[in-house]
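**Student:** Requesting a structural model of the entry that follows:
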Amino acid sequence: MGLRRDAQTDELFRSILSLRSVEECYLYFEDLCTNKEVRDLGQRLTIAKLLREGSSYLQAAEALGVSSATIGRVKRCLDYGNGGYKMILDRMETEEPGDD
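**Tutor:** Numbering: from 1, shown residues only. Take a look at the predicted model:
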């Protein structure tokens, strides 16, 4: 499957890449997405981190209050996806907290 590559999606990603701080992200994403959409994206990243650290589906579900279907989707991406979660989690591990 995969994301549809087109000018509109390219422009979206370039707009995200232009953000310079966490505060700018809050400003932009509050305009761009609903609170639920941002929360869902954040939960998926946290699920990926928990699974990579060795948590079970049950532990992740209990910690975040998410469905096993959501956890399964993230797990499939970790195991068979394009490596996006791995790339970001690796980078986040090497960056200092508060780097923006």
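
**Student:** how many other residues sit next to the nearest residue to Gly84 once chain neighbours are set aside?
**Tutor:** Leaving aside its chain neighbours, Gly84 sits nearest to Cys77 (7.3 Å; criterion: CB to CB, 6 or more residues apart in numbering). The C-beta positions use only the backbone N, C-alpha and C, and glycine is treated the same way. Using other CB atoms under 10 Å, the number of residues around Cys77 comes to 17.

**Student:** What of Gly72?
**Tutor:** Gly72 has 12 nearby residues by other CB under 10 Å.

**Student:** Double-check it against Leu51; I have them as touching.
**Tutor:** No. When contacts are counted by CB atoms under 8 Å, Gly72 is not listed as touching Leu51 (10.3 Å).

**Student:** For the host helix or strand of Tyr28, what is the distance to the chain centroid?
**Tutor:** Using DSSP states H and E, Tyr28 sits in helix 22-32. Taking CA atoms, centre = their mean, to the nearest Å, the mean C-alpha location of helix 22-32 is offset from the chain mean by 15 Å.

**Student:** neighbouring contacts of it?
**Tutor:** Residues outside helix 22-32 that contact it (CB atoms under 8 Å, 6 or more residues apart in numbering): Ser15, Ile16, Leu19, Val38, Asp100.

**Student:** any idea of the pLDDT on the residue nearest to Gly84?
**Tutor:** In this model, Cys77 is scored at 96, pLDDT.

**Student:** so it is in which element?
**Tutor:** Per DSSP H and E, Cys77 falls inside helix 68-80.

**Student:** related to what we said a few turns ago, of the contacts of helix 22-32, the lowest pLDDT goes to which?
**Tutor:** Within those, pLDDT is lowest for Asp100, at 53.
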